[in-house]
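S.K.: Structure for this input, please:
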Amino acid sequence: MNLKGKQVLVFGAARSGISAVKLLQKSEAAVLLYEERKDFDITNFYGKIDTEKNFRAYLGDFPSYLLDEIDLMIISPGITLEHPFVKKVQERKIPIWGELELAYRYAKGKIIGITGTNGKTTTTSLTGEVIKTYYNEVFVAGNIGNPYSDIAPDTTDKSVTVLEVSSFQLETVHEFHPHISVILNITPDHLDRHHTMENYVSLKANIAKNQDKNDLCILNYEDEYTREIGSRIKTQVLYFSSERKLKKGLYLDGDDIVYCKNGYIEKIINVNELKILGKHNYENVMACLGIGLAMGVPVELIKKAVTSFTGVEHRIEYVDTINGVKYYNDSKATNPDAAIKAVKAMKSSTILIAGGYDKGVDFDSLIQSFEGRIKTLVLLGQTAKKIADTAVKYGFSDIITVKDLKEAVSVSAKIAKYGDAVLLSPACASWGMFDNFEQRGTMFKEYVKELRK
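M.R.: Numbering: from 1, shown residues only. Down below sits the predicted model:
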């Protein structure tokens with residue numbers, strides 16, 4: 001669709017929405033920006049977009065009669081397709097794209113798309129580092145915090161773009177077609193929005209829906225959902241496994257990650273050479289190795305990038321050691337499965353700080369993962385009672401409930417003994433107490449820093 005002169009409605013004035021406006025203005029479309037929050041300060045964006053160039057903004061309510069003028073709507077990923085306003089747009093059969101789809105229509109070069117319930121940011125960041133060792137034009141964007149629309153106009157036929165892609169973004173893809181796609185894992189998450197695991201799995205599979213036999217999809221063999229997706233998609237499939245040897249693919253053999261192809265087994269790296277902890281990170285590394293190999297990056301360059309990688313902020317991030325107690329920030333663990341991975345990565349007796357917004361998932365698997373690793377559970381937020389009740393059901397009773405994160409850090413510091421660890425791994429979203437998981441993690445680090453005073 002040539003958008004020059006078209007009337008395009010952008011619903012949502014968050015970061016991706018503003019990026020979409022900027023790209024649409026470069027395309028010479030007439031843009032209508034709609035933000036349903038009446039108190040939203042739109043002036044913050046006036047220096048970032050051209051308000052004099054075919055631009056109108058609406059806050060609170062959008063005039064229904066204007067929908068008859070709209071050729072296309074771009075929706076922010078944080079807005080569900082079940083929103084009443086979106087239903088009105090659908091009734092008029094107006095096409096709805098996400099910002100990801102919009103950017104894809106303008107992007108050039110090769111695209112690597114990475115999704116999964118957990119590990120997306122780590123794998124995307126690491127993949128970016130690997131690809132940069134061999135290619136000159138590399139972009140890292142998407143759900144990782146850098147909107148695809150911002151960089152799409154700068155891509156060329158020689159570019160490689162590494163994208164972190166969420167299930168929210170995959171709700172509104174139509175032609176989006178990565179050359180390499182990755183689904184790291186699928187565990188219950190966002191069921192408050194997607195309602196069922198069947199819906200959630202279907203959305204994750206959308207990352208490969210437009211791929212063909214010339215493309216590649218990298219999947220976790222140990223995940224029943226991704227393994228099933230691999231059996232029905234049209235593209236080539238490469239599996240990785242942390243539990244068994246594969247006749248074709250990447251797998252963990254003792255402490256070695258090896259690659260098996262055409263009966264030939266090549267040792268790539270020993271996990272003790274890595275700076276990131278836990279079996280889940282070994283899986284992330286295997287996915288990244290698969291991407292690097294498929295992109296023709298020499299093994300020695302891949303190995304150098306992988307062994308130099310120290311991880312991403314807010315994901316089992318080492319903060320400090322105070323009085324012999326290590327503090328870790330895992331604020332990015334916004335669901336139980338992510339928190340489980342952090343718990344299993346801990347090497348010492350741990351005080352776990354958890355709780356937050358209720359996304360409609362249960363916490364049985366989280367409590368069952370403790371297995372002697374967690375000495376005390378410090379809970380806060382909307383899910384505190386739900387998690388506490390689950391813990392008691394499984395016989396875990398060393399539980400403290402606090403009013404906020406500052407108190408959680410203070411209490412944890414008081415009860416921690418020399419050699420213990422304090423781990424913030426909420427297993428829940430941050431909404432209701434913080435703007436996002438980044439703010440939550442940053443505040444945790446600030447509170448830890450205050451302990452030194």
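
S.K.: quick one: the strands in the stretch 351-453 of the chain?
M.R.: Under the criterion DSSP state E, counting those that start in this stretch, strands of the stretch 351-453 of the chain are mapped to 374-379, 399-401, 421-424.

S.K.: Those strands: which one's closest to I316?
M.R.: Ranking the strands of the stretch 351-453 of the chain by proximity to I316 (Cβ to Cβ) places strand 421-424 first, at 8.1 Å. Where you see a C-beta, it was placed from the backbone N, CA and C, and this is true even at glycine.

S.K.: tell me the mean pLDDT over that closest one?
M.R.: Along strand 421-424, the predicted local confidence has a mean pLDDT of 98.

S.K.: which strands and helices sit next to it?
M.R.: Applying 3 or more Cβ pairs under 8 Å, 6 or more residues apart in numbering; DSSP states H and E, one finds that strand 421-424 contacts strand 325-329, strand 350-354, helix 405-415, helix 437-451.

S.K.: Tell me which of these is the most buried.
M.R.: Burial among those, expressed as mean neighbours by mean count of other Cβ atoms under 10 Å, is greatest for strand 350-354, which shows a mean of 27.

S.K.: Please save the CA atoms from it in CSV.
M.R.: What follows is the C-alpha trace of strand 350-354 in CSV, where atoms were taken according to Å, rounded to 0.1, in the frame of the first residue of the first chain:
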residue,chain,number,x,y,z
THR,A,350,18.3,-17.1,48.3
ILE,A,351,15.8,-14.6,49.5
LEU,A,352,13.3,-14.1,46.7
ILE,A,353,11.4,-10.8,46.3
ALA,A,354,8.3,-11.5,44.1
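
S.K.: got the contact list for it?
M.R.: 339, 343, 366, 373-380, 387, 405, 408-409, 412, 415-416, 420-428, 444 (Cβ atoms under 8 Å, 6 or more residues apart in numbering).

S.K.: So for D189, what's the nearest residue that isn't a sequence neighbour?
M.R.: The spatially closest residue to D189, leaving aside those adjacent along the chain, is N335, at 4.2 Å (Cβ to Cβ, 6 or more residues apart in numbering).

S.K.: likewise L163?
M.R.: Among residues not flanking L163 along the chain, G142 sits closest, at 3.8 Å (Cβ to Cβ, 6+ apart).

S.K.: Quick one: residues contacting that neighbour.
M.R.: Contacts here follow Cβ under 8 Å, 6+ apart; on that basis G142 touches 100, 113, 124, 148, 163-165, 169.

S.K.: Buried among the residues you listed? Make that a PyMOL selection.
M.R.: Paste this into PyMOL to select the buried members of the contacts of G142, with burial taken from 16 or more other Cβ atoms under 10 Å:
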select buried, resi 100+113+124+148+163+164+165+169
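
S.K.: which residue ranges form the strands in the stretch 151-300 of the chain?
M.R.: Secondary structure of the stretch 151-300 of the chain (DSSP E, counting those that start in this stretch): strands located at 160-164, 180-183, 216-220, 236-241, 249-253, 256-261, 264-270.

S.K.: what do you get for the stretch 1-150 of the chain?
M.R.: Assigned by DSSP E, counting those that start in this stretch, the strands in the stretch 1-150 of the chain fall at 7-11, 30-35, 55-59, 72-75, 96-98, 110-115, 138-142.

S.K.: For those, give me TSV that also has distance to H194 and mean pLDDT.
M.R.: Written out in TSV, the entries for the strands of the stretch 1-150 of the chain read as follows (distance: least, Cβ to Cβ, whole Å; pLDDT from 0 to 100):
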stretch	distance to H194	mean pLDDT
strand 7-11	19	96
strand 30-35	24	94
strand 55-59	28	90
strand 72-75	16	97
strand 96-98	15	97
strand 110-115	13	98
strand 138-142	19	97
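
S.K.: who does the nearest residue to L293 once chain neighbours are set aside bridge with?
M.R.: Sequence neighbours aside, Y259 is the residue nearest to L293 in space, at 6.8 Å (criterion: Cβ to Cβ, 6+ apart). Each beta-bridge partner of Y259 is listed here: L250, E266, as defined by DSSP bridges.

S.K.: list the contacts for Y259?
M.R.: When the contact criterion is Cβ under 8 Å, 6+ apart, the partners of Y259 are 249-250, 265-266, 268, 289, 293.

S.K.: do the same with K48
M.R.: 18, 22.

S.K.: From K213, how far off is it?
M.R.: 42 Å (Cβ to Cβ, to the nearest Å).

S.K.: Quickly compare the strands of the stretch 351-453 of the chain and say which is most buried.
M.R.: Highest mean neighbour count among those (mean count of other Cβ under 10 Å): strand 421-424, with a mean of 27.
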